[in-house]
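In: okay, sequence plus prediction incoming.
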Amino acid sequence: MKCFRCGKRDAVIDGLCRECYLETHELIEVQEYIDLFVCPHCLSISKDGNRWKDTEDLEKSIIDNALSMVKIPKNARIIEMDAGLREQDERNYILAGSALLDIGGMKEELSFESKIRLKRMTCPRCSRIHGGYYEAIIQVRGPNRAMTDEEKIEAEELIAGMAEEMGRSSRDVFITDEMEMHGGLDFYISNARAAKNIAKELSRRFSGKITESKKLAGRKEGEDIYRFTYLVRLPEFRKGDFIEYMGEYHQIISSSGGTWRIYSLEKRVEKKVRGGEVKKFKAVARKEDAEEAVVISYRDGEAQVLHPETYKTVTIKTEKDPGESIRIIRINGEIYALRDDE
Ligand SMILES: [Zn+2]
Ligand SMILES: [Zn+2]
C-alpha cells in the first residue's frame, strides 16, 4: 500500500509513509519555557509552588522535573530518554535531550530543547521552620534529677533520627526547635501525630512514663486548635544498670508490667521482684560502665580474669573457658562477671 498523502512511498503507519507521518504529527511536545521553583533554604524543588520535593542533586532534580513535563502521543512509548543541562546563569538553563520512541512499531529518535527558568520561593516547610511553627512539644525529663549526658544524647539521637525518617515521606514533619529545660530537653515538633509516635518510642526505649496534655491554641476554620505536650519521664533505673538490693549487687534485666527481673552478680541467679521494691534499689553503676575482660584460666566455676586497667589477674565466678572474653563490671574495687547474654 502506498502512502495516501504523497502516493510515492510505502505506508508504514496509519496509511502514511514515515516522512509524511513525521511531517503531520508532533511526536514530542516540550514547553519552550519550563518554570521551576527552588527553595533557597533547603533546595527543595516544585513545579507549581504547592507540592515540593527534597533534592539530593539539584541538577538531576531539575532534569527529572523537566522531563516529567515532556509529552508524547498516546500511541507512543518511550524506549529511552536522556537529557542534560547547560547553565546560562544561576537561574537559567537549557535542557537538551533526546528520546527514542516506539510509535505503533515505528522507532524514531527525536531531540528536544527547552529553556528552564528557576524561581526562588521559600517552601512551606522552611517558612514554618522560620516562623517557629509547632503542634506539639516532647518534654524529656529525668526521674527527680537532671538527665545525664548519655541520656540526653540517646534521646536527641532517637528524636532527630525518627523526625528525619518521618520527614522523608512527609515534608510536614520536622523539629522546629530544641532546648535545655529544667535539667531535661524540650523538642518542638511540627506535627502532633508524629510527636506522639516519637514520644511513645522514646518512652518504650527508656522504659519511661508518658503523660499527654493539651492546651487550646486558637481556632482555625471553626475548629479548635490544640498544642500537645508529651512528657516522657525517664526511670531512675534502666535495663542493664547495676544496683544494690538486699545487700547484694544486681544487674537489671528488664522491667515491665510492674515487675523487675534482676540478676544477682554474686549468686549468679535471676530473681523477680515487685515494682514497689524499686524504692530499695540503690544505683551502683550504669550499664555503660560494663567492660570486656579476657579469661586466663578456669577451674570449678571460677576463672582467672585479666583486669582491664591494672592488668592484674583476679578470680571471679563465671563459666567461661580460657581465651574467651567476658563482660564484667567493677563495683567498689571488686570485679563481677555479667550474665552470658548481657
Ligand atoms: Zn507519504
Ligand atoms: Zn525549603
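Out: Now that the structure is in, tell me what you want to look at. Ligands and ions are numbered 1, 2, ... in the order given.

In: distance of Arg193 relative to ligand 2?
Out: For Arg193, the distance to ligand 2 (Cβ to the ion, to the nearest Å) stands at 22 Å. All C-beta spots, glycine's among them, are computed from the backbone N, C-alpha and C.

In: so that residue sits in a helix?
Out: Yes. Read with DSSP: H, G, I helix; E, B strand; the rest coil, Arg193 is one of the residues of a helix.

In: let me see the confidence value for it.
Out: For Arg193, the pLDDT comes out at 95.

In: tally up the residues packed near it, please.
Out: When neighbours are defined as other Cβ atoms under 10 Å, Arg193 has 14 of them.

In: what number of residues lie near the one residue in the stretch 201-342 of the chain that gets nearest to ligand 1?
Out: The stretch 201-342 of the chain approaches ligand 1 most closely through Glu221 (61.1 Å), counting by Cβ to the ion. Glu221 has 5 neighbours, counted by other Cβ under 10 Å.

In: now do the phi/psi pair for it.
Out: Glu221 adopts backbone torsions of phi 50, psi 40, taken as degrees, to the nearest 10.

In: show me what contacts Ala337?
Out: 265, 268, 303, 305, 316-318, 320, 326-328 (Cβ atoms under 8 Å, 6 or more residues apart in numbering).

In: which of those count as buried?
Out: Buried by 16 or more other Cβ atoms under 10 Å: 265, 303, 305, 316, 318, 320, 326-328, out of the contacts of Ala337.

In: does Gln139 sit in a helix or strand, and which one?
Out: According to DSSP states H and E, Gln139 maps onto strand 136-141.

In: parallel or antiparallel, which strands does that strand pair with?
Out: The pairing partners recorded for strand 136-141 under DSSP bridges are strand 184-189 (antiparallel), strand 223-233 (parallel).

In: following the longest one, which helix or strand shows up next?
Out: To tie it back to what came earlier, the one meant is strand 223-233. strand 242-245.

In: residues contacting whichever helix or strand comes after that next one, please?
Out: Going down the chain from strand 242-245, the next helix or strand is strand 248-256, by DSSP H and E. Defining contact as Cβ under 8 Å, 6+ apart, one finds that strand 248-256 is touched by 207, 235, 237-244, 260-267, 270-271, 275, 284, 329, 331, 336, 338-339, 342.

In: which parts of the protein sit against ligand 2?
Out: 39, 41-42, 44, 123, 126 (Cβ under 5 Å from the ion).

In: make a markdown table out of those and add neighbour count, pLDDT and secondary structure.
Out: Below are those laid out as a markdown table (neighbours: other Cβ atoms under 10 Å; pLDDT from 0 to 100; DSSP: H, G, I helix; E, B strand; the rest coil):
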| residue | neighbour count | pLDDT | secondary structure |
| --- | --- | --- | --- |
| Cys39 | 20 | 95 | coil |
| His41 | 14 | 91 | coil |
| Cys42 | 17 | 90 | coil |
| Ser44 | 20 | 93 | coil |
| Cys123 | 24 | 93 | coil |
| Cys126 | 17 | 92 | helix |
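
In: about what we covered before: pLDDT check: weakest of the buried ones among the contacts of Ala337?
Out: Ranking the buried ones among the contacts of Ala337 by pLDDT, Thr318 lands last with 78.

In: could you measure the residue nearest to that residue when sequence neighbours are not counted against Ile225, distance?
Out: The shortest distance from Thr318 to any non-neighbouring residue, by Cβ to Cβ, 6 or more residues apart in numbering, is to Ala337 (3.9 Å). Separation of Ala337 from Ile225 (Cβ to Cβ, to the nearest Å) stands at 56 Å.
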